[in-house]
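Undergrad: 3D model of this:
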Amino acid sequence: MLKEFFDGKPLQKQLVAAYLVGMPIEPDYFSNIKSCDSATQTGCICSWRTMKTGYMTEFAQRETFTAIVTNPLTWNSLRPIATRVENIGSVLTNFKKISPHVTNAVIHGGVLWCDKPRFFGNIFLKTKNYHIADYNLFYLSIRQNAEERAAAFLKK
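TA: Numbering: from 1, shown residues only. All right, here's what the predicted structure looks like:
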């Protein structure tokens, strides 16, 4: 839909940002929409797939391109690494409690690596593919960034 209605079309001027989280986006998939390089850039896309540090899904390993990856803690292409201290808040499945400093974020190839999240009950977390928590792990950072980008867009 983004490619069909926004990419190189008049509607692209109204694009604040597209958060295409969990999707492997090829760097040249869009003709006119680029990946976001800073926290306040508009008209761009953000994307990441979260996996445990050192792990890559077979699907990601078979890709013939390096997918666009945005670090949802720095929002800066020149800062691919962020510590867990920079993570202002994550939410678990019930969305009733915000937990700060749950995990870090490191761009590695076409995925986002993070250490095993620290939260009560994480002993039961056995998966290495954290894709299901792409939003949860960086929840407050994403909310804050959406506000920053919207403000930057409205300033234009």
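Undergrad: Could you tell me which residues make contact with Arg149?
TA: Contacts for Arg149 (C-beta atoms under 8 Å, 6 or more residues apart in numbering) come out as 16-17, 39-42. Where C-beta positions appear, they are placed from N, C-alpha and C, glycine not excepted.
Undergrad: in what helix or strand does it lie?
TA: Here Arg149 sits within helix 139-155, counting by DSSP states H and E.
Undergrad: distance of Asp134 from Met23?
TA: Between Asp134 and Met23 the distance, using C-beta to C-beta, to the nearest Å, works out to 10 Å.
Undergrad: Identify the residue spatially nearest to the residue nearest the centre of the chain, adjacent ones excluded.
TA: What sits nearest the mean C-alpha location of the chain, by C-alpha atoms, centre = their mean, is Trp48, with 4.1 Å. Distances taken as C-beta to C-beta, 6 or more residues apart in numbering place Leu112 nearest to Trp48, at 4.1 Å, with adjacent residues excluded.
Undergrad: Got the phi and psi for the one you found?
TA: The main-chain torsion angles of Leu112 are listed as degrees, to the nearest 10 and equal phi -110, psi 120.
Undergrad: if I pick it, what's in contact with it?
TA: 48-51, 69, 71-72, 105-106.
Undergrad: Spell out the residue ranges of the strands in the chain.
TA: With DSSP state E as the criterion, the chain has strands at 17-19, 44-46, 50-52, 81-82, 90-91, 98-99, 105-108, 111-114.
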